[in-house]
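A.B. asks: starting from these lines, generate the structure:
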Amino acid sequence: MFEKSFITDCEGPLTLNDNAFELAAKFIEDGDELFKILSLYDDYLADIVKKENYKAGNTLKLILPFFVCENLKNKDFVDFSRENIYSVNDSKLLLKYLKDAMNTYIVSTSYGQYIEAVSNYMEVPFENTFYTNVDVDSLSLSDDEIKKVSQFKELILKNPEDYELFDDIFFTQIAEMSIYEKIKEIEVVGGQGKKLAIDDIIARDNIDVNNMLYIGDSITDVEPLEFARVNDGISISFNGNEYPLKVAEIAIVSPSAITTAVIANIYAKFDKSKVLRFIEEYNDSEDLKELFKQYEIEVEINEKFFEVFSNENYPIIQIISDENYEEILKESKYMRTNIRGEDIGGLG
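C.D. replies: Residues are numbered from 1 along each chain as shown. The predicted structure follows:
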């Protein structure tokens with residue numbers, strides 16, 4: 001065990017996927033549009049209404065009856081996930097370095113079938129991952145219920161902003177179906193669920209609460225990022241939208257995870273104050289190669305960084321402030337959609 005723990009979201013900092021969105025787009029007619037509508041509704045319930053006992057990321061539960069209508073099984077989730085992993089450039093190198101530097105965990109809202117596929121692909125022990133555990137095989141609908149849910153889909157697609165209608169569909173109509181009891185029991189690892197995962201990690205590793213780095217990119221990362229920041233850990237938004245950027249201390253905007261590796265390298269060797277000092281000097285330096293030498297950046301990480309950014313169009317690494325927030329948000333959202341695509345980049 002190491003003294004420090006590196007905890008990362010999966011989709012965004014490590015992979016370009018939104019696995020649940022991609023499953024919906026693949027297996028449900030108009031599933032991409034349906035998922036986008038439900039994702040906005042999810043943001044509304046979590047961020048605007050602040051619905052009691054509701055976690056950001058519950059889109060993964062809302063979409064389940066529509067998967068069941070298509071007779072999807074665990075095997076479909078597993079096979080699709082294994083065949084459709086798109087990683088952020090150099091994320092494998094980041095994780096390879098971390099194995100010998102810090103306790104390393106993936107804390108993701110994604111379905112377990114996808115996270116198991118990613119953990120195999122990235123060579124991260126599956127026991128070091130947290131995810132939303134869904135047994136699709138155990139979910140079922142009667143023929144009449146399938147007709148109803150199909151009708152609900154059409155209503156949602158025709159009325160994408162009628163949240164009163166959605167409330168009735170999900171919390172009255174579907175709530176009366178037997179499938180609801182099983183869906184209700186599913187613990188989504190999003191928002192507060194991710195913060196609870198961090199509590200488990202801190203207890204498991206027996207580390208001081210401030211000896212942690214958390215990196216995320218979306219609304220499901222708000223609570224863990226806030227927790228890391230309040231407890232004087234490292235909190236990083238990686239190509240994040242407005243949600244993580246409002247609570248994280250550090251912003252990284254980069255097409256490559258090698259930028260994350262630089263910060264992880266400094267944090268593993270030194271401490272938070274050294275990371276913050278590096279960021280200040282990084283933004284003022286006229287000779288980054290000399291700066292990297294001063295901070296003893298590992299040879300492999302050093303070489304890769306200057307190979308990726310050979311044209312000196314260096315990535316954004318900044319401490320977030322009121323003064324630079326809008327500019328960082330603009331650049332971060334641009335990078336997000338540029339490397340992940342408009343559909344996935346636009347999800348909360």
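
A.B. asks: run a quick neighbour tally on the residue nearest to residue 24 when sequence neighbours are not counted.
C.D. replies: Counting by CB to CB, 6 or more residues apart in numbering, residue 24 lies nearest to residue 31, which is 3.5 Å off, once chain neighbours are set aside. Yep, even glycine has a C-beta here, placed from its N, CA and C like the rest. For residue 31, the number of neighbouring residues by other CB atoms under 10 Å comes to 20.

A.B. asks: these two touch, right, residue 31 and residue 37?
C.D. replies: No. With contact defined as CB atoms under 8 Å, residue 31 does not reach residue 37; the gap is 10.7 Å.

A.B. asks: ok, now which ones touch residue 341?
C.D. replies: If you count contacts by CB atoms under 8 Å, 6 or more residues apart in numbering, residue 341 has them with residue 16.

A.B. asks: relative to residue 53, how far out is it?
C.D. replies: 33 Å (CB to CB, to the nearest Å).

A.B. asks: and the strands in the stretch 101-250 of the chain?
C.D. replies: Assigned strands in the stretch 101-250 of the chain, in chain order: 103-111, 129-132, 212-216, 234-238, 250-253 (criterion: DSSP state E, counting those that start in this stretch).

A.B. asks: from residue 54, how far off is residue 338?
C.D. replies: From residue 338 across to residue 54, the span is 31 Å (CB to CB).

A.B. asks: neighbour-wise, which of the two wins?
C.D. replies: The neighbour count for residue 338 versus residue 54, taken as other CB under 10 Å, is higher for residue 54 (16 against 12).

A.B. asks: residue 137 and residue 182: what is the separation?
C.D. replies: The spacing between residue 137 and residue 182, counted by CB to CB, is 11 Å.

A.B. asks: and these two? Which one has more around it.
C.D. replies: For residue 137 and residue 182, the more surrounded residue by other CB under 10 Å is residue 182, and the numbers stand at 14 against 11.

A.B. asks: and the more buried one, what pLDDT?
C.D. replies: The pLDDT attached to residue 182 in the predicted structure is 96.

A.B. asks: again, but for residue 345
C.D. replies: With respect to pLDDT, residue 345 has a value of 67.

A.B. asks: got it, and residue 348?
C.D. replies: In this prediction, residue 348 carries a pLDDT score of 62.

A.B. asks: quick check: phi and psi at the residue nearest to residue 24.
C.D. replies: Residue 31 adopts backbone torsions of phi -70, psi -30, taken as degrees, to the nearest 10.

A.B. asks: ok, the one 5 residues further on next?
C.D. replies: Here the main-chain torsion angles of residue 36 (degrees, to the nearest 10) amount to phi -60, psi -40.

A.B. asks: burial count for it?
C.D. replies: The criterion is other CB under 10 Å. On that basis, residue 36 has 20 neighbouring residues.

A.B. asks: just checking, it touches residue 344?
C.D. replies: No. Taking CB under 8 Å as the contact criterion, residue 36 and residue 344 are not neighbours in contact, 9.8 Å apart.

A.B. asks: which residues do those two both contact?
C.D. replies: By CB under 8 Å, 6+ apart, residue 36 and residue 344 have these common neighbours: residue 21.

A.B. asks: do I have it right that residue 44 meets residue 163?
C.D. replies: Yes. Counting by CB under 8 Å, a contact exists between residue 44 and residue 163, whose distance comes to 6.1 Å.

A.B. asks: now for these two: what residues contact both?
C.D. replies: With contacts taken as CB under 8 Å, 6+ apart, residue 44 and residue 163 have no neighbour in common.

A.B. asks: give me the buried stretch members for stretch 213-226, please.
C.D. replies: Neighbour-count burial for stretch 213-226, with 16 or more other CB atoms under 10 Å as criterion, is recorded at 213-226.

A.B. asks: swap in stretch 19-33?
C.D. replies: So, applying 16+ other CB under 10 Å, buried residues of stretch 19-33: 19, 20, 21, 22, 23, 24, 25, 27, 28, 31, 32, 33.

A.B. asks: from the chain's centroid, how far away is it?
C.D. replies: The gap between the average C-alpha position of stretch 19-33 and the chain average comes to 18 Å, counting by CA atoms, centre = their mean, to the nearest Å.

A.B. asks: contact partners of that stretch?
C.D. replies: Applying CB under 8 Å, 6+ apart, the set of residues contacting stretch 19-33 from outside is 11, 34-36, 39, 59-60, 63, 66-67, 69-70, 72, 76-77, 80-81, 84, 110-111, 114, 153, 157, 343-344, 347.

A.B. asks: at 7 Å what do you get?
C.D. replies: If you take CB atoms under 7 Å, 6 or more residues apart in numbering as the criterion, stretch 19-33 is touched by 11, 34-35, 59-60, 63, 66-67, 70, 72, 76-77, 80-81, 84, 110-111, 114, 157, 343-344, 347.

A.B. asks: report the backbone C-alpha coordinates of that stretch in PDB.
C.D. replies: Output for stretch 19-33, consisting of C-alpha atoms alone and laid out as PDB, is shown next (Å, rounded to 0.1, in the frame of the first residue of the first chain):
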ATOM      1  CA  ASN A  19     -21.200   3.300 -22.700                       C
ATOM      2  CA  ALA A  20     -24.900   3.600 -21.600                       C
ATOM      3  CA  PHE A  21     -25.600   6.200 -24.300                       C
ATOM      4  CA  GLU A  22     -23.800   3.900 -26.900                       C
ATOM      5  CA  LEU A  23     -25.800   0.900 -25.800                       C
ATOM      6  CA  ALA A  24     -29.000   2.900 -26.200                       C
ATOM      7  CA  ALA A  25     -28.000   4.200 -29.600                       C
ATOM      8  CA  LYS A  26     -27.100   0.600 -30.800                       C
ATOM      9  CA  PHE A  27     -30.100  -1.400 -29.400                       C
ATOM     10  CA  ILE A  28     -33.000   1.000 -29.100                       C
ATOM     11  CA  GLU A  29     -34.700   2.700 -32.100                       C
ATOM     12  CA  ASP A  30     -34.000   6.500 -31.600                       C
ATOM     13  CA  GLY A  31     -32.200   5.400 -28.500                       C
ATOM     14  CA  ASP A  32     -29.500   8.100 -28.900                       C
ATOM     15  CA  GLU A  33     -32.200  10.800 -28.800                       C
END
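
A.B. asks: cheers, nothing more for now.
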